[in-house]
Each structure stands twice: as structure tokens, then as C-alpha cells.
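Enquirer: Sequence and predicted structure, then a few things I'm wondering about:
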Amino acid sequence: MEGRVVAGWPAAVAALPAGPLVLSVDGPAALDWASLAEGLSAAVRAAGREVRTVDVRHHHEPTAADRIAGRPVPADDPFFTPLSEAQVRDLFSVVPRADRLPGDGIVVVFGPGAGLCEPDVLWYADLPKRYAEAAVAHGRLPVGANLGRPGRPGELVRLFYTDWPVLDRHRDALAARVDRWIDTQDPSTPTSLDGPALRSTVEHLVRGPVRTRPYFNSTPWGGQWAASELGFTPQAGNTALGYELIAPEAGVLVGDTGGPRVEIPFQLLCVLHPKAMLGEEVHRAFGTSFPIRFDYLDTVGGGNLSLHCHPQEQYMRDVFGWPYTQHETYYVTACEPGAQILLGLTEHADPDVMRRQVEDAVAHGTPVPVEDHVQIHPATVGQLFMIPAGTPHASGAGNLVLEVSATPYLYSLRFYDWLRKDAAGASRPLPYAHGFANLDTTRRGEDVPKDLIQQPRTLRAGEGWREEVIGALPEMFYAVHRLIVAPEAVVADDTAGRFHILNVAAGRGAVIETETGSHFLAFAETITVPAAVGPYRIRAVGGDEVHVVKALVVRP
Ligand SMILES: O=P(O)(O)OC[C@H]1O[C@](O)(CO)[C@@H](O)[C@@H]1O
């Protein structure tokens, strides 16, 4: 990395040019902007410069939140809104302009949209999205407020489908010209990196394998595998959903080991270098959206996921506004004896009966006889289950599932949640009307195991290794392969112009060797090999066979 990560406001302020300045600090709604302004102002004063602050949120229109909102479809849908297509500019009727102070004073314009105020210097203050989600979910202000609604408790539906698309577009548009990137995870000592160093770091990152920072959240079905086997600290009692690589939320840590670090959004790599990251054809098809996600579903010592399906392609576009849909696959990395995967309709499933029972469960708490409608398959380590959009599914208790899926992840159309209630006696949202509108009633009976529980096909092989296709379907744009590598054997691979994602699913680990370096990938870890890498090698480490799950786009 060229340039240094520095810690604290004084170090960031010391790098500002002399003379009167308008300094804009832009960033998401989910920040404690008042503390930021206070900490930054104190550092400016300590540097002997006069300071004045302008909070752009006071210049947002009173109706700003309405102006940027995606409209619910149908109008009273409490579960989803289409992705907002608004711009941060829409928050304002008039974007404020600040006059410079005399001498070498600094006017600090801060808040979402501050970058539009034609500043002399532009900083971007970020907070990884997981903080916003947690703050909104628990009603923690000021961080948990929605864009255009400071001071009012936030809502997740607005966060996911309005705030994030609007703010992400804005961040992406600023990325090529920000003068400093600031990570505010520690609000009293933010870490930061200047703009040229940020961009040279990103340029370096897209030339080699890159691992994103993992974390696990907790859900009502979450288990204990990641806590006990990997040492993750459960947020709220369990390690349910492991964010390995969910591009819209993923971050990459940059900085020297032992020194201050800055977490930058993985998405910056796709925005600043889309062809190097994704490859030319994938970029043409998906723009700057990184289309494959890897995450864990940990139900070991936990419960069943809800029974749900995901939107069909056309519905996803028309109703939710995502250009591609949430096709999924489950790879069983570990499971307890007797663990199960629910997948596909039974031969004689009747969606009308199922719907009446689902409604009965909601209205009267009557259990749904799920096995009448949905097939139950034994979970076995190493098996991949294909879950095209519209297929009802759930991982049962006792599994560690590696999900290899299309990137959209916020569209679980739940039919049934096993009558679970939270401490306050509330059920989780059950958008079953959307579920039934998307249920693929043709995929049932024997077709389910035949098409969706595939047997591995060897694609190529060499001394001590083979590469298998373990899941591919005509309607899915990606395929899942597996490399079986004997101890110390080496596989030569090539991105051939499209990124690969690798995960060590069995064995101690593997070394990923490229022309410029080597990276050790331990069991259960995931890494992206950008398209620009070209040829690379996978070397098995440890005394046991190593299994590497690999995903790639096959039909852009
Ligand atoms: O609705 P539940 O039970 O929380 O399950 C949601 C999870 O299911 C999945 O769609 C997997 O099937 C995940 O992507 C998602 O996080």
C-alpha cells in the first residue's frame, strides 16, 4: 500500500492544505454526525485554525425522506419497497454553498450530500453497514436514523430499499475524487487514508486475491458452530448468518499489521476497476454489481430456517427493482447426524391447501404440516442443493451450510416460521403473499432430487487433483465447482477473464499462488480471485485432502 493509514482527527487535519478552505465531509446517514463535527472542529482549533460548521441535514427539504422513497408495491406492502432510484441531490431543493472564512479558517460542511456543496477538499466518512443495520434494528439514535429523517427512529425497510441504494450510488460517484477516506468505527479515534493512497490501494487489491472481513449476526434459528469452531463472538446468543462475501455489505481491511486499519467497502473495487475485478463480459452484464455471494447459515445447536422461497426473475425486476434474482445453492460443510434440508414441493403438494394452512398458522397459531408440501432430504457433508428462484426451501437444524448464491439477499419470501415468537411475543415478518406469487409449482416430485441434488461430474483432472462441477442449471448464471486436492498437490487454474470465488470446505487450507504473491486460505475461509489475476495455482496444505468450493459466472 502506498501512503499511510493514520489514526485520529489531528493527523487528518494536519494533512489539509493551508489557506481558507471549505471542507466537505460526506457519508451515510448512519453516523454520529454531531460527534464527528465536534471531534473534527476541536482538532482544527488545536491546529490554530478558525472553524465554522454547517450541518447539511438542516438544508435537506422537510419532505426529503418522501422525495427519495421507493413507492410500496402494492401500495400498503409493509415488507418491501422497490429499490429507490433517487439521488442524494433529491434531498435538497437548493444545495447550500458556504463562503470561505478569512485567513486560513476552515468551514466544515458535513452530512449526507455535503460533497455536492462544491468544496475545496472532500472527505468521505464511512461506517460499515452492519452498524446501521444493528442501530436501526434496536432503535439506537442517532446512528439508527434513516436518510432524511434525523432524530426519528429508523426502519429496516427504508434502510435496505431506500437509504442504501441512494447512498451507495452517491458514494460510488464520489470514490474517484475523495481526498480522504475515513473509517468511523471508533468515533473518538477515526482512522483514515488519503484519496491517492485509497485509489492506489484499490488498484493493487484488484490485481491479487482479496479476502473480505467476515462476521456473524444472530437470528432466531442461529446455531453455535462458528462460535465453537471458529471462535466468533455471537452478537446475541448465536452465530447464525456468516457474512463471508456479501458484496453490498462487505469490507476489506487495509493498513499494516499492528498499525491503524481502515475498512473500505469491497464495492469500491468493483466501482473503480470493474473490468479488472469482474472481467469485461461480467461487467457488461452486471455493471458494477458483484453478482455472487458466499455466506454461512449456522444451525448447529440452533433451529430450522423459515420455510421460504425467493422471487422469480421477472417479479424481482418488476416488483422489487433488482435487475437479477436471488438464485441460491446450499453446500453442506458440516452437519449433525439426522440433519435435514427442506427443498422442493412434494409430488402431490397443493398450493391452495398450503396457503390456507399458512393463513391458519398466522391467524390461529395452527402448525403447518410442512412435510405434506415440501420434500425433506438428509443433509450429507459435501452435498450441494440447488435452489432456483421460486423453490420452497429451508436448512434444518444441525447444519453448517455454505450458501453460494446470487448477490441479492434481502428477499426471503417466508411462508412459515414454525410459530416462533420473540421475547415480546412478536413473529417475524411473513410476506407469504409474495411467496405464493413466486412459488414454482412445476418443480415437484422426482424432478427435485434429479435436477436440484446433482451428482458431481469431473471436469478435468491431474496428478493428485480433480475439478468437479457440483451444481449448474440452465437458469442460473453461475456454476459451483469443487477442487479435490491431495496433500501437497498443486492445481493450476486461470480466471480466463472472469472472477473466481474460492472457499476451503474441507482440510486444513490451501495456498493461492499468483504471479505477484501467495495467500494462505484456512478451512472455512473465502477469497475472491479478481478477473485480472489470470493464471494462479492452488496448493493443498496439511496432511488431509483439501476440498475447495469454487464459484464462477458461466453465463453472463
Ligand atoms: O427467513 P430466515 O429464516 O431468517 O432465513 C433467511 C435466510 O435464508 C436464506 O435465503 C437462505 O435460504 C438466506 O439468504 C437468508 O438470510
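Expert: Everything's here; your move.

Enquirer: can you map out the helices along the stretch 1-150 of the chain?
Expert: 9-14, 33-46, 64-68, 129-137 (DSSP state H, counting those that start in this stretch).

Enquirer: With the ligand as the reference, name the closest of those helices.
Expert: Set against the ligand and scored by Cβ to the nearest ligand atom, the helices of the stretch 1-150 of the chain come closest in helix 129-137, at 12.5 Å. All C-beta spots, glycine's among them, are computed from the backbone N, C-alpha and C.

Enquirer: for the record, mean pLDDT for that closest one?
Expert: Mean per-residue pLDDT for helix 129-137: 96.

Enquirer: care to break the chain down by domain?
Expert: As recorded under automatic domain parsing, the domains making up the chain are 6-200, 215-247+290-452, 457-553.

Enquirer: Can you say which of those domains is nearest to residue 272?
Expert: domain 6-200 (5.9 Å; Cβ to Cβ).

Enquirer: Pull the contacting residues for residue 434.
Expert: The contact partners of residue 434, taken as Cβ atoms under 8 Å, 6 or more residues apart in numbering, are 79, 80, 311, 319, 413.

Enquirer: name the element it belongs to?
Expert: Using DSSP states H and E, residue 434 maps to helix 432-438.

Enquirer: circling back to that earlier point, pipe the domains of the chain into CSV and attach distance to residue 282 per row.
Expert: Converted to CSV, these look like this (distance: least, Cβ to Cβ, whole Å):
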stretch, distance to residue 282
domain 6-200, 17
domain 215-247+290-452, 7
domain 457-553, 5
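
Enquirer: now those in CSV, with distance to the ligand?
Expert: Below are the domains of the chain laid out as CSV (distance: least, Cβ to the nearest ligand atom, whole Å):
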stretch, distance to the ligand
domain 6-200, 12
domain 215-247+290-452, 3
domain 457-553, 15
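
Enquirer: did I read that right, residue 333 in a helix?
Expert: No. Assigned with DSSP: H, G, I helix; E, B strand; the rest coil, residue 333 falls outside any helix and is strand.

Enquirer: Could you report the pLDDT at the residue nearest to residue 274 when sequence neighbours are not counted?
Expert: Distances taken as Cβ to Cβ, 6 or more residues apart in numbering place residue 283 nearest to residue 274, at 4.4 Å, with adjacent residues excluded. pLDDT for residue 283: 98.

Enquirer: May I ask you to confirm that residue 283 is in contact with residue 276?
Expert: No. Assessed by Cβ atoms under 8 Å, residue 283 is found out of contact with residue 276, at 9.4 Å.

Enquirer: Poorly predicted segments of the stretch 201-350 of the chain, please.
Expert: Nowhere does the stretch 201-350 of the chain drop to pLDDT under 70.

Enquirer: thought residue 221 was touching residue 308?
Expert: No. Taking Cβ under 8 Å as the definition, residue 221 is not a contact partner of residue 308, at 11.7 Å.

Enquirer: Flag every buried residue along stretch 488-503.
Expert: Within stretch 488-503, the residues that qualify as buried are 489, 490, 491, 493, 495, 498, 499, 500, 501, 502, 503, counting by 16 or more other Cβ atoms under 10 Å.
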